[in-house]
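Q: how would this look folded up:
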Amino acid sequence: MNKGLLIALEGPDGSGKSTQIEFLEKYFVDKGIEVIRTREPGGTRISEKIREIILDNDNQEMDNMCEALLYSAARAQLVKEVIKPAIAEGKVVLCDRFVYSSIVYQGIARELGIDTVKSINDFALGGLEADLVFMISIPYEKGIERKKSQRELDRLENVGMDFHKKVFEAYSKIGS
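A: Now for the predicted structure:
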C-alpha cells in the first residue's frame, strides 16, 4: 500500500480554501483515490469543541498564547486521530488550514514570534509535515466582505482590519 498524502490549503479568511478543497477532492475521487477532508481547528470531536472555544465571540479576552496553545491542542488531536492513520492507509488528506495558519495568525499577526509558535506546534505535529501546501491569496478587505455575506463573523474575523492586513501581508511574505 502506498503512503498517503497530506495537502494543506492556506490563506486569509474568505480566500476560497474550502472551494479549492472541493475541486481537489473531486480530482482525487475521480482517479479512484480515497480522500479525507478536514479543517483546522476541528476535524475530530475534541478538536471541534476546542474550535468552539477559539471562535466564540464571547471569548474576546482570550490571551494570545492561550489561543496559540488551543490551536496546537486541536491540531495534536487531529494529527493523531485522523491525519496520521489516513496517511498510513494510503489516503489523501485535504486540510483546510494547517500549521502555517498558526505561524501567520499567532506567530506574526498576534506577535508571539514565529519560533515560539513553531516550537509549540512541534509537539502537536510529532514530526509530520504537509507534502504539499497551496497558498491562496485574496485582498483582506475582499475576504472579510465574503465572510460577512456568508454568515455572522466569528471572534477572529471580528478583530479588525489592521489584524487582517497583517495576516494578508504575512501570507504574502511566506507564500513567495
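Q: For the closest residue in space to residue 69 that isn't next to it in sequence, list the residues it contacts.
A: In this structure, residue 69 finds its nearest non-sequential neighbour in residue 120, 6.5 Å apart by CB to CB, 6 or more residues apart in numbering. Placement of C-beta: from N, CA and C, glycine included. Neighbouring residues of residue 120 by CB atoms under 8 Å, 6 or more residues apart in numbering: 68, 69, 72, 102.
Q: Looking at those, spot the one nearest residue 28.
A: Nearest to residue 28, judged by CB to CB, of the contacts of residue 120 is residue 102 at 25.8 Å.
Q: Can you tell me which helices and strands the host helix or strand of the closest one packs against?
A: Element membership of residue 102 [criterion: DSSP states H and E] is helix 99-102. Of the remaining helices and strands, those touching helix 99-102 by 3 or more CB pairs under 8 Å, 6 or more residues apart in numbering; DSSP states H and E are strand 5-10, helix 64-78, helix 114-125.
Q: Buried deepest among those, which one?
A: With neighbours defined by mean count of other CB atoms under 10 Å, none of these is more surrounded on average than strand 5-10, at a mean of 22.
Q: what lines up beside it in the sheet?
A: Sheet pairing here is set by DSSP bridges, and for strand 5-10 it gives strand 92-96 (parallel), strand 132-135 (parallel).
Q: Need the winner for burial among those.
A: By mean neighbour count, with neighbours taken as mean count of other CB under 10 Å, strand 92-96 ranks first of those at a mean of 23.
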